[in-house]
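# need coordinates for the following:
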Amino acid sequence: MANQLKLKSSHKAIRDYYATLQQYEQHDITHEGAVSNPFAFLLDACAKQVDATLVPQYPMRTPQPWNGSLTSIASR
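The predicted model follows:
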């Protein structure tokens, strides 16, 4: 059985993500590109909980663009 993600607002990854967004807001930084790295750090922390790996900017041939993918050894 796959590991289940256990994530709470009190977890460090969540706190760090929102702290970074607050810093960006203080500098009036609102564009999507600015938040991609903090969000990737959050996704990476989540991926580790479920024994997966975040692959940022993972190229996929789909009608809709993807910003990344979570992969695990079990899914190969």
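
# confirm that Asp28 sits in a helix.
No. Read with DSSP: H, G, I helix; E, B strand; the rest coil, Asp28 is coil and lies in no helix.

# distance check, it against Thr53.
Using CB to CB, to the nearest Å, we find Asp28 at a distance of 34 Å from Thr53. Yep, even glycine has a C-beta here, placed from its N, CA and C like the rest.

# which SSE is the residue nearest the centre of the chain in?
Note on the chain: the residue nearest the mean C-alpha position is Leu43, at 2.2 Å, using CA atoms, centre = their mean. In this structure, Leu43 sits in helix 32-49 according to DSSP states H and E.

# and that helix, what does it pack onto?
The contact analysis (3 or more CB pairs under 8 Å, 6 or more residues apart in numbering; DSSP states H and E) places helix 32-49 against helix 12-26, strand 53-56, strand 68-71.

# looking at these, which is buried most?
Stretch with highest mean neighbour count among the helices and strands packed on helix 32-49: strand 68-71 (a mean of 16; mean count of other CB atoms under 10 Å).

# average pLDDT across that strand?
Taken as a whole, strand 68-71 has an average pLDDT of 61.

# now do stretch 45-54
Averaged over stretch 45-54, pLDDT sits at 89.

# same deal with stretch 15-34?
On average, stretch 15-34 scores 92.

# can you list contacts of that stretch?
Residues outside stretch 15-34 that contact it (CB atoms under 8 Å, 6 or more residues apart in numbering) are 9, 35, 38-39, 41-42.

# how about 7 Å then?
35, 38, 41-42 (CB atoms under 7 Å, 6 or more residues apart in numbering).

# I figured Leu54 hits Phe41, correct?
No. Assessed by CB atoms under 7 Å, Leu54 is found out of contact with Phe41, at 9.1 Å.

# re the thing from before, looking at the helices and strands packed on helix 32-49, which is nearest to Asn3?
Smallest distance to Asn3 across the helices and strands packed on helix 32-49 (CB to CB): 12.0 Å, for strand 68-71.
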